[in-house]
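Undergrad: after the sequence you'll find the predicted model.
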Amino acid sequence: MSIRRLSPFMVNQIAAGEVVERPASVVKELVENAIDAEASRIRIEIDKGGHERIEVIDDGNGIVQEELPLALESHATSKITDPCDLDGVATMGFRGEALASITSVARVVVRSRTRDAAEASVIEGEGERREGPKPAAGPVGTSVAVHQLFGRVPARRKFLKSEAAEMRRITRIVHRLTMSHPDIAFTLISNGRTTLELKARKDVRRRILDVMGPELDEHMLDLDVTREGIRLWGLVGLPEVARPTSQHQQFYLNGRPISDRSVSHALREAYRGLIEPSRHPTAVLFLQVEPTRVDVNVHPAKTEVRFRDERLIHSIVRRGVLECLGRSDLTPDLSVAESSPSASTRPLFGSGGRSGGGVRLTPPPVTSVGGGVGKGFDAEAARELARDLSERPAVIPSPVPSSPVLQVHKTFLVTEDEHGMVIIDQHALHERVMFERLLARIESGPLPSQRLLVPEVIDADPIHLEGLEQISPLMERLGLEATPSGPRTIALHAVPVLLFERGVKAGSFLKDLLERAGEGTLSTTDEEEALREVLDMMACKAAVKAGDQLSSRELADLLEMRETVERSSNCPHGRPTSLRLSMEDLERQFGRR
Ligand code: ADP
Ligand code: MG
């Protein structure tokens, strides 16, 4: 076989595979062109999920008649002239291949009129065939109609999903594009029916709520921070509006929608402990980065980018969102139904009368310091933690220092804060505190470790041995040391001081850990992620349990820790650590209001 040069048409068809995957990607390219043309209204018409027709109509600058043929040629663009421009592209498009690619796999009709032109002109293209440009009637602006996408490329057409599925993708991409351009009015029409109608808005917040639903208004926080020349702004949702999918998560770089694993990871990190791991935060984040610090040209559809300093971006997103969430009080209010008081607010000593022990209120107010050695919360540790975390925002309105605290059924703590009454899950809070403390500590090196005089020998399955092999670097950071000591045994040589002090059976902890690693349920690709999962496990094991009697000293220490730990209203598993019954609710329940 001899080497032959591909015809331009073939080149376009191949390129089309990259730029034009499906109707939604055509919509994206056409809408981006309309945005680049400074349109103030964009109308998107779709027939049969885009299989039949995709048409985007704008009132932008238009294309002069002589240049219409060029618009359909590859590598023809009005958007960059100088190689240096590639470093700082301000427009959505710039490769000059979208229309050419689409034309290679569909019948395309472009009708356009500039402001100074007396009339519009129209050009039609399909494959290598061209017709026009010729004069036509039409308003200022451009309409691009794409008929029978992949009509003559059966292999590609086969891959299209059902009309409904393609329409969902189109809607999603239109949503994304509209959110970053609030000043443009958008209409989306599917099979003749208007499915989205957005009027021009002055600010992004209004537009995002138009798209995502106005009911989110009170659940979305505004964010705007600039660090090291990088601006991060947008809206972040409170934990209660987290979703089962990441549909409500949008990222933009310099106004362009992007998908970036590191940014979404940073976002997830910021919500760690606030939402269940299976849920996804709601957030729309815009990054403004000097164009020379990113490469947007790595993916033909420009949705993937390469940051020159990925770690910095990660940390800006994580910290920015964390601080934003930190400024709001995340202690969920107990909602009290007006008509039927829930069990939790039923009068405790009312006429109904409770049989059995009712509620035993054990410890005296914290002001009278009882002895209680117990498992010993370490007050020094609490102070150390406070120091560790001192640069982080203090968040939770803390219990009034002199407030009494009661332990209820050895499980819950009841105290007050400035808004009302606070009920704390002792295990969840302690776990949260431990987790934060471990996380802060491990940043400065491996956890302090206690060497065992005699190694503890543990029975092990192949799964455990497999796990041991996989996570040995991680174990070093945790202060855990273990080695295989026989075909079915592992010797444990050193354990983290924390587990030792808290009386946790290190052998069974290790087995749990190795089993998860061996079975692959631990995130093994990302060591930091895996580390956090393990710290989670440690915190859970080391924390006081429901049923542990706490001394008043321990209670006081625990509450003191609560003040120092940001967002302690949720444990790392996303369950709440505390709930509040507000004064208003109490007053309403007792008929004082
Ligand atoms: P790119 O957007 O990368 O330049 P395209 O193939 O998408 O490449 O478009 C080619 C050219 O056609 C653009 O550079 C622009 O000059 C012109 N064009 C396309 N769509 C429009 C539009 N809606 N309004 C005005 N000009 C357009
Ligand atoms: Mg374009």
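TA: Thanks, I have it. Ligands and ions are numbered 1, 2, ... in the order given.
Undergrad: so where is the stretch 401-550 of the chain shaky, pLDDT-wise?
TA: Scanning the stretch 401-550 of the chain for pLDDT under 70 picks out 401-402, 523-525.
Undergrad: helices of that one, residue ranges please.
TA: Per DSSP state H, counting those that start in this stretch, the stretch 401-550 of the chain carries helices over the ranges 426-442, 462-470, 472-478, 497-501, 506-519, 527-542.
Undergrad: please save the CA atoms from the shortest one in CSV.
TA: Just to be clear, that refers to helix 497-501. Output of helix 497-501 as CSV, limited to C-alpha atoms (Å, rounded to 0.1, in the frame of the first residue of the first chain):
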residue,chain,number,x,y,z
VAL,A,497,-1.1,6.1,68.9
LEU,A,498,-4.6,7.3,68.6
LEU,A,499,-6.1,3.8,68.1
PHE,A,500,-3.9,2.6,71.0
GLU,A,501,-5.0,5.3,73.3
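Undergrad: by contact count, what packs against it?
TA: strand 449-459, helix 506-519, helix 527-542 (3 or more C-beta pairs under 8 Å, 6 or more residues apart in numbering; DSSP states H and E). Using the backbone N, CA and C atoms, a C-beta is placed for each residue, glycine as well.
Undergrad: buried stuff in it?
TA: For helix 497-501, burial by neighbour count (16 or more other C-beta atoms under 10 Å) applies to 498-500.
Undergrad: cool, stretch 494-513 as well?
TA: Buried, per 16+ other C-beta under 10 Å, within stretch 494-513: 494-496, 498-500, 502, 504, 506-507, 509-511, 513.
Undergrad: then stretch 553-563?
TA: 553-563.
Undergrad: just the closest of the buried residues of helix 497-501 to Ser246, please.
TA: Leu498 (34.1 Å; C-beta to C-beta).
Undergrad: just checking, that closest one touches Leu447?
TA: Yes - with contact defined as C-beta atoms under 8 Å, Leu498 counts as touching Leu447 (6.8 Å).
Undergrad: common neighbours of the two, please.
TA: By C-beta atoms under 8 Å, 6 or more residues apart in numbering, Leu498 and Leu447 have these common neighbours: Leu438.
Undergrad: do a quick rundown of the helices in the stretch 101-250 of the chain.
TA: According to DSSP H, counting those that start in this stretch, the helices that the stretch 101-250 of the chain contains are 154-157, 163-179, 204-212.
Undergrad: make CSV from these and add mean neighbour count and distance to Ser246 to it.
TA: Listed next are those as CSV, based on neighbours: other C-beta atoms under 10 Å; distance: least, C-beta to C-beta, whole Å:
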stretch, mean neighbour count, distance to Ser246
helix 154-157, 12, 27
helix 163-179, 19, 11
helix 204-212, 20, 13
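Undergrad: save the ones you listed as TSV, and put in distance to ligand 2 too.
TA: TSV is the format used below for these (distance: least, C-beta to the ion, whole Å):
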stretch	distance to ligand 2
helix 154-157	20
helix 163-179	13
helix 204-212	22
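Undergrad: now distance to ligand 1 and mean pLDDT too, for those helices, in CSV please.
TA: Shown next, in CSV, are the helices of the stretch 101-250 of the chain (distance: least, C-beta to the nearest ligand atom, whole Å; pLDDT from 0 to 100):
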stretch, distance to ligand 1, mean pLDDT
helix 154-157, 19, 74
helix 163-179, 13, 91
helix 204-212, 21, 94
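Undergrad: can you list the ones you listed in JSON lines and add distance to Gln250?
TA: Listed next are the helices of the stretch 101-250 of the chain as JSON lines, based on distance: least, C-beta to C-beta, whole Å:
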{"stretch": "helix 154-157", "distance to Gln250": "28"}
{"stretch": "helix 163-179", "distance to Gln250": "6"}
{"stretch": "helix 204-212", "distance to Gln250": "9"}
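Undergrad: out of those, flag the one nearest Ser264.
TA: Comparing the helices of the stretch 101-250 of the chain against Ser264 with C-beta to C-beta, the closest turns out to be helix 163-179 (14.1 Å).
Undergrad: so which of the helices and strands packed on helix 497-501 is nearest Asp183?
TA: Per C-beta to C-beta, nearest to Asp183 of the helices and strands packed on helix 497-501: helix 527-542, 38.9 Å.
Undergrad: next secondary structure after that closest one?
TA: helix 552-564 (DSSP states H and E).
Undergrad: what about dumping the CA coordinates of that next one to CSV?
TA: C-alpha atoms of helix 552-564 as CSV (Å, rounded to 0.1, in the frame of the first residue of the first chain):
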residue,chain,number,x,y,z
SER,A,552,-18.8,15.9,82.7
ARG,A,553,-15.2,16.7,81.9
GLU,A,554,-15.5,14.7,78.7
LEU,A,555,-18.7,16.4,77.9
ALA,A,556,-17.1,19.8,78.3
ASP,A,557,-14.1,18.8,76.2
LEU,A,558,-16.3,17.4,73.5
LEU,A,559,-18.3,20.6,73.3
GLU,A,560,-15.1,22.7,73.3
MET,A,561,-13.9,20.7,70.4
ARG,A,562,-17.1,21.3,68.6
GLU,A,563,-16.3,25.0,68.6
THR,A,564,-13.0,24.4,67.0
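Undergrad: the inter-axis angle of that helix versus helix 426-442?
TA: Interaxial angle of helix 552-564 relative to helix 426-442 (axes from the mean of the first three to the mean of the last three C-alpha atoms, to 10 degrees): 60 degrees.
Undergrad: quick one: mean pLDDT over the very next helix or strand once past helix 552-564.
TA: Using DSSP H and E, the helix or strand that follows helix 552-564 towards the C-terminus is strand 578-582. Across strand 578-582, pLDDT averages out at 86.
Undergrad: what do you get for stretch 253-271?
TA: If you average the pLDDT over stretch 253-271, you get 88.
Undergrad: and the spatially closest residue to Arg206 that is not a sequence neighbour, how far from ligand 2?
TA: Excluding the flanking residues, the one nearest Arg206 by C-beta to C-beta, 6 or more residues apart in numbering is Pro182, at 6.6 Å. Distance, Pro182 to ligand 2, by C-beta to the ion, to the nearest Å: 21 Å.
Undergrad: residues touching Pro182, list them.
TA: By C-beta under 8 Å, 6+ apart, Pro182 lies in contact with 200-204, 206-207.
Undergrad: distance of it from Arg201?
TA: Relative to Arg201, Pro182 is positioned 4 Å away (C-beta to C-beta, to the nearest Å).
Undergrad: any residues in contact with both of the two?
TA: Here Pro182 and Arg201 have Arg207 as joint contacts, going by C-beta under 8 Å, 6+ apart.
Undergrad: pretty sure Glu124 is touching Glu131, no?
TA: Yes - applying C-beta under 8 Å as the test, Glu124 and Glu131 come out as touching, 4.4 Å apart.
Undergrad: in a markdown table, list the helices and strands packed on helix 497-501 along with distance to ligand 2.
TA: Output for the helices and strands packed on helix 497-501, formatted as a markdown table (distance: least, C-beta to the ion, whole Å):
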| stretch | distance to ligand 2 |
| --- | --- |
| strand 449-459 | 58 |
| helix 506-519 | 47 |
| helix 527-542 | 37 |
